[in-house]
Each structure stands twice: as structure tokens, then as C-alpha cells.
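**Student:** mind looking at a prediction? Sequence and model below.
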Amino acid sequence: QVQLVESGGGLVQAGGSLRLSCAASGRATGTNTMGWFRQAPGKEREFVAAIKWTDIKYADSVKARFTISRDNARNTVYLQMNNLKPEDTAVYYCAAAGLIAMFTSTPPRPNYWGQGTQVTVSS
């Protein structure tokens, strides 16, 4: 079993920055791809970003503002979020899967999910 533990959420003003971290522990199988989803109140969970080695995908809404990276030695994925907007307010969930397509498919099909961390952007 794989456990994903997120950290780094919080409250920030519009235009500010936050960095989320997600550390994976347990078996490595099915975690070649790691990434992030988010869910705002009253909305469906949506894809944000994913990384598998040098293959990186972003949702159009976060391109040029968010950067995903991964430290393979620490089995940790990061999401640097800059120029945050109120519409970025959501619970952010870390996820892991074998294929990056499992993040971008409809519906998404990651193998593992974290518990979520709240990001609130005030206007």
C-alpha cells in the first residue's frame, strides 16, 4: 500500500505564492506518475498537474503560474503556485498512478490519493 501525505496549504492573498509538498511512502509500484487535483466547494474534482520523469502536464487554468517538480530520491512531489487567484481556492489532493494518462483521463483513475490540503486565496 502507498500513503501520500500533503503539506503546505494555507491562506494567502491574491497574487501571492504557496508551495505544496506530497511525500509518498510504502510500495513503489504504481507511483511512477505523481501529481495534483483540486476540488472547490460545489464543484467536481479537477486535474491540476502531473509529472512522470520528464513528461509534465498542466491544466490550462494553471499553466505559466504553477510548476510541478519531483524529488525521486525523497519520493516527493511539489507544486509551486505563483500569482494565486481567488478561483484557485480549493482542497488540493496529491495522487499517484503508473501512467500520466490516468491523471488526464475522464474520469481520472489514480491508484492512490492523499487526504487533501486546503488552499484559500483571498481577494
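**Tutor:** Structure received.
**Student:** now stretch 114-123: mean pLDDT?
**Tutor:** Across stretch 114-123, the average pLDDT comes to 97.
**Student:** pretty sure residue 32 sits against residue 52.
**Tutor:** Yes. With contact defined as C-beta atoms under 8 Å, residue 32 reaches residue 52; the gap is 5.5 Å. All C-beta atoms are positioned from the backbone trio N, CA, C, and that covers glycine.
**Student:** now residue 83. Nearest residue, chain neighbours left out?
**Tutor:** In this structure, residue 83 finds its nearest non-sequential neighbour in residue 65, 4.8 Å apart by C-beta to C-beta, 6 or more residues apart in numbering.
**Student:** distance-wise, check the one you found relative to residue 31.
**Tutor:** Computed as C-beta to C-beta, to the nearest Å, the residue 65 to residue 31 distance reads 26 Å.
**Student:** more neighbours, these two?
**Tutor:** residue 31 (21 against 15; other C-beta atoms under 10 Å).
**Student:** where's the nearest residue to that one once chain neighbours are set aside, which helix or strand?
**Tutor:** Leaving out its chain neighbours, the residue that sits closest to residue 31 by C-beta to C-beta, 6+ apart is residue 96, at 4.1 Å. Under the criterion of DSSP states H and E, residue 96 resides in strand 90-97.
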